[in-house]
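Participant: Got a predicted model here, sequence first, then my questions.
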Amino acid sequence: MIVPMLLNHIGEVEAIERESFSDPWSKQSFFELLCNPFAVCFSAIDTDSSTNEQVVGYIIIYHVFTEGQILNIAVKDTHRGQKIATELFNTVLEYAQKEKIESITLEVRPSNSHAIGLYKKFGFKQTGIRKNYYKKPLEDAAIMTLIL
């Protein structure tokens, strides 16, 4: 189930961030995004958990006028391969249609072929390169754009 991200999701979101990225954002960064009127944040919740509901993924899009930029998307390691990232993207695309967003951009490591394959499935095309964008390890970023 995809829901708007809540403050009580931040701890689990930050844990997913740490396991997914070599240069992770802090809890404070996520808190600030939730307070930012231009940031739209969604959490993927596992409702089949035998204990409590748990956050298993998230996506954050920055929305200004008719443009969107996906800042981050990640899925918990134990839940990858279950189409959660696809559900998160579908939620963002529904939001974009409702809000009349005309284009969405994102950056991705060129070495992340799995993510690039997902983005291409949604119609994103590479539109540029940001030199030395990523640290740990140093790598360029491929800029990908989807025209809606």
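Facilitator: In hand now; what should we look at?
Participant: Could you give the backbone dihedrals for N90?
Facilitator: Geometry field for N90 lists phi and psi as phi -60, psi -40, criterion degrees, to the nearest 10.
Participant: Could you give the number of residues near it?
Facilitator: 13 (other C-beta atoms under 10 Å). To be clear about C-beta, it is placed using only N, CA and C from the backbone, and glycine gets the same treatment.
Participant: distance of it from E139?
Facilitator: 28 Å (C-beta to C-beta, to the nearest Å).
Participant: where's L7 relative to G117, distance?
Facilitator: To G117, L7 is 33 Å away according to C-beta to C-beta.
Participant: tally of neighbours for D48?
Facilitator: Neighbours of D48 using other C-beta under 10 Å come to 8.
Participant: Show me what the spatially most central residue of the chain is bridged to.
Facilitator: For the chain, the residue nearest the mean C-alpha position is I73 (2.0 Å; C-alpha atoms, centre = their mean). Beta-bridge pairing of I73 under DSSP bridges involves I59.
Participant: which residue ranges form the helices in this protein?
Facilitator: Taking DSSP state H as the test, the helices found in the chain are 10-20, 27-35, 84-98, 113-121.
Participant: Between those, which one is closest to D48.
Facilitator: helix 84-98 (12.2 Å; C-beta to C-beta).
Participant: Which neighbouring elements make contact with that closest one?
Facilitator: strand 2-4, strand 39-46, strand 54-64, strand 67-75, helix 113-121 (3 or more C-beta pairs under 8 Å, 6 or more residues apart in numbering; DSSP states H and E).
Participant: and the gap between the residue nearest to E107 when sequence neighbours are not counted and P24?
Facilitator: Excluding the flanking residues, the one nearest E107 by C-beta to C-beta, 6 or more residues apart in numbering is A141, at 3.8 Å. Here A141 is placed at a distance of 16 Å from P24 (C-beta to C-beta).
Participant: Is there a neighbour count for the nearest residue to A39 once chain neighbours are set aside? I'd like the number.
Facilitator: Spatial nearest neighbour of A39, chain neighbours left out: L33 (4.3 Å); criterion: C-beta to C-beta, 6+ apart. Using other C-beta under 10 Å, L33 has 20 neighbouring residues.
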